[in-house]
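Participant: Sequence plus predicted model, see below.
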Amino acid sequence: MKPWLRDETCDPRPGTRVMICSSSPMRSSLAAVLVFLFATTLAISQNQPQNTQAAAAAIEKAYSPQLLRELASLRDAALADDYAYRQVAHLTENIGPRPPGSPQAEVAVNYVADELRKLGLEVRLEEVKVRRWERGLETAELVEYPGQAPGTTQKIVLTALGRNTPTSAAGLTAEVVVVNSFDELKALGRQKVAGRIVLFNVPFDKQKAAAGSWGEAYGEAVAYRGDGAKAAAGLGAIASLVRSVGGADYRIPHTGWNDDADIPAGAVTSEDAELIAHLAAQGRVRMHLVLTSQNGPEVTSYNVVGDLKGSEHPEQVVVVSGHLDSWDLGTGAIDDAAGVAVAMETAQLLKQLHLHPKRTIRVIAWMDEENGGRGHDAYAKAHEADIVNHVAALESDLGAGHPLGFWAKITPDALPLLQPVQDILRTQGANLIKLVNESPGADIAPLAKAGVPAFGVLQDGRTYFNYHHTAADTLDKIVPQELRENGAALAVMGYVLASMTDPLPR
């Protein structure tokens, strides 16, 4: 489950170069769902004035010379370390795809727990009830269309979306209605939609993504994946299809979460969406559709939680995390074995360098981020009484591309305290900090909502959505050096938040 961007307006903060932005939700009935980690930029902090006497005094108090030396050594060790890559390789190639409730997810839970125990962490498995995802038959063909050669059909490449309501094994056959927006669907009305298959043909803006606005491109298109089936069902459609939300046009379908709609819901490739749209513009198009994938019974899974206890304030917790579950078309390398691996590497590097944070660093491998978010909900409920002791939460869930820095949901007044971190990470180009007004990660959203300072690793996502939620999300998409850079960024930020004199203000 990757919720989407919101539209935003920005105004300068008086007396500074900080841009304060406010957001309005995009069209969606999922407004209560967690905001995706691209949400609403507030500021770029490396441009903040840092030369006031008060800021200098605060930094001097927060960072001892020893801490600064430790941060530099931690960065250098991470950039020479292959621990995270070995973990990603095992999770993706030895274990494979890890849908919630699957045998692979269970093996992955135990594997990560054992690896963290080897590092000396105090590890526990915290129960999460999940709906097991069961992928079934996925076929479609056009059985009637203008210019059709007698006795022929045209194959359509597609995949089911999460929470799909399955067709029967025999499938269904109906006319296809193509729309380019929710407004077009509404304008058609029930009379032209009822009993038909609706196709939302909304392209992913590849130029926008290539120019660096990948989050905006994703946000504009993914609303149709999330809400399309429900909107179509509301007008009597018997199935809903969406143009795949991604940038690679190699006839690869992109799966993902969608809201419960009680009708079959799938994603077709961009090429097939164009084909259907062109034919429908010429006349009647009918499709035979089989989508038997579905959420199966509720089963027990787990968040993996491992604590590296703090030397002075063990009751205070800094979370470093990624999500362990994945979709099942690929092997979940960039989404999100990479995030779990660099979180694990934070603990491994501290052990390797014999560093002892003042506060507890808690490594979490979340379960069920992709298909409901039950893992973070279970954690928030189980830790409701001690969220007050969570002093920071970090998450990596945008793949393994070169890290540019962090999204951060913190008070702007805390920014000067992070200047030394930016200086340490400047040599690898990871010194950007952007303030956001929503959670910078799906799984840390309950903590961010409670006021815990929250950080999401900001990776270069220009090609991320070429592979995201597809069969192409595999180990070869990870560049080892860029993964090392991610490990350095997460470890340095996690360690400083656990070791500076006082926690960041809420």
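Facilitator: That came through, no problem.
Participant: need the contact list for the closest residue to residue 479 other than its chain neighbours.
Facilitator: On the basis of C-beta to C-beta, 6 or more residues apart in numbering, the spatially nearest residue to residue 479 that is not a chain neighbour turns out to be residue 400, at 7.1 Å. In short, each C-beta sits where N, CA and C put it, glycine included. The contact partners of residue 400, taken as C-beta atoms under 8 Å, 6 or more residues apart in numbering, are 88, 333-334, 338, 459, 477-479, 482-483, 486.
Participant: Distance-wise, check residue 400 relative to residue 208.
Facilitator: Using C-beta to C-beta, to the nearest Å, one gets 22 Å for the distance from residue 400 to residue 208.
Participant: Looking at strand pairing, list the partners for the nearest residue to residue 171 once chain neighbours are set aside.
Facilitator: With C-beta to C-beta, 6+ apart as the criterion, residue 171 has its nearest non-adjacent residue at 3.6 Å, and that residue is residue 290. For residue 290, the residues forming beta bridges with it (DSSP bridges) are residue 139.
Participant: Could you pick out the buried ones from the contacts of residue 400?
Facilitator: 88, 333-334, 338, 459, 477-478, 482-483, 486 (16 or more other C-beta atoms under 10 Å).
Participant: Mind listing residues that contact the strand or helix carrying residue 425?
Facilitator: Per DSSP states H and E: residue 425 is located in helix 419-425. Under the contact criterion C-beta under 8 Å, 6+ apart, helix 419-425 has outside partners 45-46, 48, 50, 55, 59, 62-63, 68, 71-72, 75, 405, 431, 433, 488-489, 492-493, 496.
Participant: which residues does the residue nearest to residue 171 contact?
Facilitator: By C-beta under 8 Å, 6+ apart, the neighbours of residue 290 are 137-140, 167, 169-171.
Participant: PyMOL command to pick out the buried ones of the residues you listed?
Facilitator: To isolate in PyMOL the members of these that are buried, counting by 16+ other C-beta under 10 Å, one can use:
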select buried, resi 138+140+167+171
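Participant: Apart from its chain neighbours, what residue comes closest to residue 280?
Facilitator: Going by C-beta to C-beta, 6+ apart, residue 280 has residue 178 as its nearest residue, at 4.6 Å.
Participant: An error on my part: the question was meant for residue 324.
Facilitator: For residue 324, the spatially nearest residue (C-beta to C-beta, 6+ apart) is residue 365, at 4.1 Å.
Participant: tell me the mean pLDDT for the lengthiest strand in the chain?
Facilitator: Longest strand in the chain by number of residues (criterion: DSSP state E): strand 294-308. Here the mean pLDDT over strand 294-308 is 96, rounded to a whole number.
Participant: residues of it that come out buried?
Facilitator: Applying a neighbour-count criterion of 16+ other C-beta under 10 Å, the buried positions in strand 294-308 are 294-295, 301-308.
Participant: same question, stretch 209-226
Facilitator: Applying a neighbour-count criterion of 16+ other C-beta under 10 Å, the buried positions in stretch 209-226 are 209, 213-226.
Participant: The host helix or strand of the residue nearest to residue 280: which residues count as buried?
Facilitator: Counting by DSSP H and E, the element that carries residue 178 is strand 172-179. Taking 16+ other C-beta under 10 Å as the neighbour-count basis, strand 172-179 is seen to contain the buried residues 172, 174, 176-179.
Participant: Tell me how many other residues crowd residue 449.
Facilitator: The local packing count at residue 449 equals 15, with neighbours defined by other C-beta atoms under 10 Å.
Participant: which SSE is the closest residue to it other than its chain neighbours in?
Facilitator: Nearest-residue entry for residue 449: residue 439, 6.9 Å, with adjacent residues in sequence omitted and distances by C-beta to C-beta, 6+ apart. When elements are assigned from DSSP H and E, residue 439 belongs to no helix and no strand.
Participant: My understanding was that residue 439 contacts residue 409; is that so?
Facilitator: Yes - counting by C-beta atoms under 8 Å, residue 439 does reach residue 409; the two are 6.0 Å apart.
Participant: what's the span of stretch 74-94, first residue to last?
Facilitator: End-to-end distance for stretch 74-94: 29 Å, by C-alpha to C-alpha, to the nearest Å.
Participant: Let me see the domain layout of this structure.
Facilitator: The chain is divided into the following domains under automatic domain parsing: 80-133+298-499, 136-292.
Participant: and the shortest one, how far apart are its ends?
Facilitator: The separation between the terminal residues of domain 136-292, taken as C-alpha to C-alpha, is 5 Å.
Participant: same check, this time on the longest one
Facilitator: With C-alpha to C-alpha as the measure, domain 80-133+298-499 spans 23 Å from end to end.
Participant: circling back to that earlier point, how about the residue nearest to residue 324, phi and psi?
Facilitator: Geometry field for residue 365 lists phi and psi as phi -100, psi 100, criterion degrees, to the nearest 10.
Participant: same deal with residue 264?
Facilitator: phi -60, psi 140.
Participant: any idea how far the residue nearest to residue 324 lies from residue 472?
Facilitator: 23 Å.
Participant: Pick out whichever of these two has more residues nearby.
Facilitator: In this comparison of residue 365 against residue 472, neighbours counted by other C-beta under 10 Å, the higher total goes to residue 365 at 31 against 20.
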